[in-house]
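> Fold the following, please.
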Amino acid sequence: MTGVSIEEHPVGGGGPYAITTGPDGALWYTLVHRGRIGRLVPGAAPESHPLDADCGPTVVTPGPDGALWFTEYRAHRIGRITTGGDVTSYPLHTAECGPFGIAPGPDEALWFTETAADRIGRITTDGAVTEFPLPVTGAFPSAITAGPDGGMWFTMNQADAIGRIGADGTVTVHPLPTPAAAPVGITPGPDGALWYVAIAAGHIGRITTGGEVREFPLPDRSGRPHAITPGTDGVLWFTEWGGNRVGSITTEGAIEVYDLPTPGSEPHGITLGPDGAVWTALETGALARVTPT
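Okay, here's the model as predicted:
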C-alpha cells in the first residue's frame, strides 16, 4: 500500500463520534454533542434522527435484530433505533454508570461497558439487562467486541489491561506490559487475535485469546490512537485523534499513516463501509472516506 485517497463528507456539527455499517447498507453514526443518530448512504445527503438532546450518544453497532443499538453515555441508558428511525431507550440498573462501548455477542444479545461503575452489561433485544462487576476497581472499561473464542473482549482504560467476559459472567484480566497505556478501541483481527489501540502510549497492540501480547509503536507516539477496525486484504485501520491521521497496520505489524486533509478534524470511530472503503467519523463535523490508491 503506497497511499490513500481521502474524501470528506460534511454531515453538520454535533460531533460525529462513532460509526458503523448498518444492515440497510448505510453508514450510521452518533452525534454526541447534539443528541442525534445520523445516517448516510454513500453518494446521498445525510439525515439524522433526534434523541434526548443531552443524552450523549456514543458508540453505535448493528444488533442481531436488524436494528442499531447505541450507548447513551450521559443519560446512562442503552438505545435502539430501527432503520426507519424509531427509537427506544432502556435505563440501566446502576445509576451514573456511563455506558460507552457496545457490541453484539454470540448469544443474540448486546454487551456493553459501564465506564463509571466498573461493570460489563448485557441487554437482550427485548430490553432485559444483566450487569457483571469487574474484579478491578477504577478500571474504566471502554470498548468491547466479540472475540473468536465465544467471549467478549474489552479494554480496561485505567487499569492498563484487556479483559474477557464469558457468557456466564466469568471475567479474566490480562495486564498489559506497558504502564499507562490507556487502551481504548479493540477489534477482532483477521489472524484470530484481538487488536487494540493504546491512546496514551501511542502504539497498536495485539493479544491472543491465550493472553500473549505484542506491541507495535506508532511513528508518532503522541498521535493518541482511538479506534481500530478490520479493513480488507488482512489490514486493520485505526484513527489517530491527536495526530489528525488515519493509519493501517498489517498482521505482521507494518504501519503506514496518512494525514487527514482538514487540520484539527478529530478522527474518532472507524469502520469498513458498505462500499468497501474505510470510513471514519470526524468530530468537527464530517465523515471521511479512505480508499487505498
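
> So residue 190 sits against residue 249, correct?
No. Assessed by CB atoms under 8 Å, residue 190 is found out of contact with residue 249, at 11.4 Å. No exception for glycine: its C-beta is placed from N, CA and C like everyone else's.

> what about residue 148, how many residues close to it?
Close neighbours of residue 148, defined as other CB atoms under 10 Å, add up to 15.

> about what we covered before: more crowded one of residue 190 and residue 249?
residue 249 (24 against 15).

> Which helix or strand contains the more buried one?
strand 245-250 (DSSP states H and E).

> Show me what that strand packs onto, helices and strands only.
strand 235-240, strand 255-259, strand 267-272 (3 or more CB pairs under 8 Å, 6 or more residues apart in numbering; DSSP states H and E).

> Using a markdown table, lay out these together with distance to residue 138 and mean pLDDT.
Formatted as a markdown table, the helices and strands packed on strand 245-250 follow (distance: least, CB to CB, whole Å; pLDDT from 0 to 100):
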| stretch | distance to residue 138 | mean pLDDT |
| --- | --- | --- |
| strand 235-240 | 26 | 98 |
| strand 255-259 | 31 | 97 |
| strand 267-272 | 24 | 98 |
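
> Residue 92: which of those strands is closest?
Among the helices and strands packed on strand 245-250, the nearest to residue 92 by CB to CB is strand 267-272 (22.0 Å).

> What pairs with the helix or strand following that closest one, parallel or antiparallel?
Next along the chain after strand 267-272, taking DSSP H and E as the criterion, comes strand 278-282. Its sheet considered, strand 278-282 pairs with strand 267-272 (antiparallel), strand 286-292 (antiparallel) by DSSP bridges.

> Would you mind finding the most buried of those strands?
strand 267-272 (a mean of 24; mean count of other CB atoms under 10 Å).

> could I have that one exported to CSV, CA atoms only?
This file holds the C-alpha atoms of strand 267-272, laid out as CSV (Å, rounded to 0.1, in the frame of the first residue of the first chain):
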residue,chain,number,x,y,z
PRO,A,267,-11.0,11.5,14.0
HIS,A,268,-12.6,9.0,16.4
GLY,A,269,-14.6,6.0,15.2
ILE,A,270,-13.7,4.0,12.1
THR,A,271,-15.4,1.2,10.2
LEU,A,272,-15.4,-0.7,6.9
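
> what angle sits between it and strand 245-250?
Interaxial angle of strand 267-272 relative to strand 245-250 (axes from the mean of the first three to the mean of the last three CA atoms, to 10 degrees): 40 degrees.

> Centre of the chain to strand 267-272, how far?
8 Å (CA atoms, centre = their mean, to the nearest Å).

> Make 35 the starting number, not 1.
I'll keep to 35 as the first residue from here, and by that count the last item is strand 301-306.

> what sits up against that strand?
Contacts to strand 301-306, defined as CB atoms under 8 Å, 6 or more residues apart in numbering, come from residues 50-55, 61, 63-64, 93, 260-266, 271-275, 278-280, 294, 312-317, 322.

> ok and it relative to strand 269-274, angle-wise?
Going by the same axes, to 10 degrees, strand 301-306 makes 160 degrees with strand 269-274.

> coming back round to it: just the buried ones from the contacts of strand 301-306?
50-55, 61, 63-64, 93, 260-265, 271-275, 278-280, 294, 312-317, 322 (16 or more other CB atoms under 10 Å).

> element containing residue 113?
strand 111-115.

> Report the angle between the strand holding residue 283 and strand 289-293.
160 degrees.

> CA atoms only for strand 279-284, dumped as CSV, please.
The C-alpha trace of strand 279-284 is given here as CSV (Å, rounded to 0.1, in the frame of the first residue of the first chain):
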residue,chain,number,x,y,z
ARG,A,279,-4.4,11.0,10.9
VAL,A,280,-5.7,7.5,9.9
GLY,A,281,-3.4,4.6,9.7
SER,A,282,-3.1,1.0,8.6
ILE,A,283,-1.3,-2.0,10.2
THR,A,284,-0.8,-5.4,8.7
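
> strand partners of that strand, parallel vs antiparallel please.
With DSSP bridges as the test, strand 279-284 pairs up with strand 269-274 (antiparallel), strand 289-293 (antiparallel).

> Poorly predicted segments of the stretch 35-184 of the chain, please.
35-36 (pLDDT under 70).

> what about 90?
35-37, 46-48, 76-77 (pLDDT under 90).

> the strands in it, which residues?
38-44, 50-55, 61-65, 70-74, 81-84, 91-96, 102-106, 111-115, 121-125, 133-138, 144-148, 153-157, 163-167, 175-180 (DSSP state E, counting those that start in this stretch).
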